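In: Quick one: sequence plus predicted model below, questions after.
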Amino acid sequence: MISSTASQWPRIIGFGSRAWAAVPLLGTAVVFFFEFRTPLGFAHGTLYVLPLLAAAFSGRVRFILALTLITSALTIAGAFVSPPGFDIFYVSLNRIFSLLALTSIGGMSAIAVRHILILTNAHDNAVTQGKEMQSTQSLFRIAGRVARLGGWSVDVPEMIVQWSDEVCDIHEVPHGYVPPLENAMDFYAPEWRERLARAFTACVEKGTPYDEEMELITATGKRLWVRTIGEAVRDENGKIIRVHGGFQDLTSIKQAEAESANLSDRLANVLQKMTDAIYILDDEWRFNFLNDEAERFLGRSREDLLGRSV
């Protein structure tokens, strides 16, 4: 993982700014000017190393390589434009040493800058992905709280249970609660435990997925309807290493279904007692309901007409 300090120092020193492109060009011009105005010295050619090193902070690989060629050419040209004053041996030695230094440092600088850019981009991408992941996780948490939906997992064969915060909320236990597997099973109403144990065991041993609706008794004694889904996770060899799934509180849905059924029964009773012939058809003109008076009016029994088209 890229450390935050290592990834931020290029920005702190202005790495990649236009100023670091102007400085080496100005430095190169200054070195060439003094070489043009003074006799050849052993250090003249090597002075181009300084602006070449400064070019590394521009963050531009092509610029570094181009400046390497320029300073190398100026080093050779310096042998012809500067005033005489030193033996040809020292002049040649100076130029050869300078060219070796310039090409070596230019090449290494270009390689170093390329790696810095790769690391910086990798850090930026990691930060962006991290922010996107946090945003997505936040949305999932909000959706989970609204829908009363969470996730769980059990590591195999250790049988270590993990519950999401939403699952903990449904069970009415603190976030981060890690129950032993037996205790997790005990939250279910007694009449449902054997059925859940069979489904879970089949998932662990054979990889058989399950999707069940059962009743749960929370830590505070509330009785809830829940939906529990489980499926096996296998490693590259096909061995089951984990069972995970979803978990949702269905109590409000079950209550709404019960209320809807109760209202339907009450409506049916009211319609049944009416003295007029009443029948209800669906979108495909099939009988959904008819009272006793409608049976007499149509001369057909309810069993013959329900589900049939007019």
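Out: Nice, I can see it.
In: For this structure, give me the ranges with low pLDDT.
Out: Counting by pLDDT under 70, the chain contains low-confidence ranges at 1-20, 38-45, 81-91, 130-147.
In: 90 instead?
Out: Low-confidence segments of the chain, defined by pLDDT under 90: 1-151, 157, 165, 178, 182, 252-310.
In: just the helices in it please.
Out: Taking DSSP state H, the helices of the chain run over residues 4-12, 19-37, 49-55, 61-81, 88-147, 165-171, 181-186, 190-206, 251-273, 292-298, 302-305.
In: Tell me which residues are up against the third one.
Out: It stands for helix 49-55. Residues outside helix 49-55 that contact it (C-beta atoms under 8 Å, 6 or more residues apart in numbering): 20-21, 23-28, 31, 63-64, 67-68, 71, 98, 101-102, 105-106, 109. Bear in mind the C-beta positions are built from the backbone N, C-alpha and C, glycine included.
In: List the buried residues of it.
Out: Buried positions in helix 49-55, judged by neighbour count with 16 or more other C-beta atoms under 10 Å: 49, 51-52, 54-55.
In: The shortest one too?
Out: For helix 302-305, a neighbour-count test (16+ other C-beta under 10 Å) marks residue 305 as buried.
In: from the middle of its chain, how far away would it be?
Out: Taking the mean of its C-alpha atoms, helix 302-305 sits 57 Å from the chain's own mean (C-alpha atoms, centre = their mean, to the nearest Å).
In: neighbours around residue 46, how many?
Out: 20 (other C-beta atoms under 10 Å).
In: related to what we said a few turns ago, residue 219: which of the helices of the chain is closest?
Out: Residue 219 sits nearest to helix 165-171 of all the helices of the chain, at 6.0 Å, using C-beta to C-beta.
In: elements contacting that closest one?
Out: With contacts defined as 3 or more C-beta pairs under 8 Å, 6 or more residues apart in numbering; DSSP states H and E, helix 165-171 has these neighbours: helix 88-147, strand 149-155, strand 240-249.
In: who touches residue 61 in this structure?
Out: By C-beta under 8 Å, 6+ apart, the contact list for residue 61 reads 110, 113-114, 117.
In: Apply 7 Å and report the result again.
Out: Residue 61 makes contact with 110, 113-114, according to C-beta atoms under 7 Å, 6 or more residues apart in numbering.
In: follow-up on the earlier one: looking at the helices of the chain, spot the one closest to residue 284.
Out: helix 302-305 (14.1 Å).
In: any idea how far residue 233 is from the residue nearest to residue 192 when sequence neighbours are not counted?
Out: Nearest residue to residue 192 in three dimensions, chain neighbours excluded: residue 214, at 4.1 Å (C-beta to C-beta, 6 or more residues apart in numbering). Distance check for residue 214 against residue 233: by C-beta to C-beta, to the nearest Å, it reads 22 Å.
In: partners of the strand ranked longest in the chain, with directions?
Out: Scanning the chain for the longest strand, with DSSP state E as the assignment, gives strand 223-234. The strands beside strand 223-234 in its sheet (DSSP bridges) come out as strand 210-217 (antiparallel), strand 240-249 (antiparallel).
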